[in-house]
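Asker: My questions concern the predicted model and sequence given below.
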Amino acid sequence: MHEMAWRVPPKLPAAKLAGVVLLPLLAWLIRPDDVVVWVLAGVSAAGLAAWAARDLLVPVRLSADTGGVTVVSGWSRRRRLAWEQIERVRVDRRERVGLSSEMLELDTGDQLHLFSQYDLGTAPEDVAAALAALRTGAKP
């Protein structure tokens with residue numbers, strides 16, 4: 001059984017952890033005596049640390065084989081979906097304020113699982129093509 005997996009690129013949690021260090025440093029450089037700035041920097045750094053921890057603890061967000069897919073939802077819950085449960089796989093493209101974004105959508109009818117390039121480590125269009133190949137039994 002051929003299995004494929006898509007994961008968060010390693011540079012993403014590294015960038016988030018750099019932000020954890022840089023936010024308090026920036027607060028110290030800009031306003032060393034301002035408690036509000038320190039609280040904001042601390043809360044922001046804690047949020048980034050939690051976000052980076054999820055990336056490090058659960059880097060694989062989507063995996064698939066000829067039997068179906070496994071998705072990560074929430075903090076770390078994994079859900080196995082047989083191909084029969086998936087009504088549609090598509091890439092949603094949006095243009096906003098001169099910026100474009102792509103999201104891979106896995107629609108089960110009652111739930112919509114969304115994955116960005118930052119969740120997958122590659123273009124959502126490439127993942128959609130690989131999923132279509134696995135679903136039909138062709139070589140991805």
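Answerer: Alright, I've got the coordinates.
Asker: Now do the buried residues in stretch 104-112.
Answerer: Within stretch 104-112, the residues scored as buried using 16 or more other CB atoms under 10 Å are 104, 106. Backbone N, C-alpha and C define where each C-beta goes, glycine included.
Asker: no wait, stretch 42-51
Answerer: In stretch 42-51, the ones that count as buried by 16+ other CB under 10 Å are 44, 45, 48.
Asker: ok, now stretch 70-89?
Answerer: Buried positions in stretch 70-89, judged by neighbour count with 16+ other CB under 10 Å: 70, 71, 72, 81, 83, 85, 86, 89.
Asker: for stretch 49-61, same thing?
Answerer: For stretch 49-61, the buried set under the neighbour-count rule, 16+ other CB under 10 Å, comprises 52, 54, 55, 58, 59, 61.
Asker: swap in stretch 2-11?
Answerer: Buried positions in stretch 2-11, judged by neighbour count with 16+ other CB under 10 Å: 6, 7, 8, 9.
Asker: List just the nearest of those residues to residue 114.
Answerer: Proximity to residue 114 was ranked across the buried residues of stretch 2-11 by CB to CB; first place goes to residue 6, at 13.2 Å.
Asker: Now that closest one: which helix or strand?
Answerer: For residue 6, the enclosing helix or strand under DSSP states H and E is strand 4-7.
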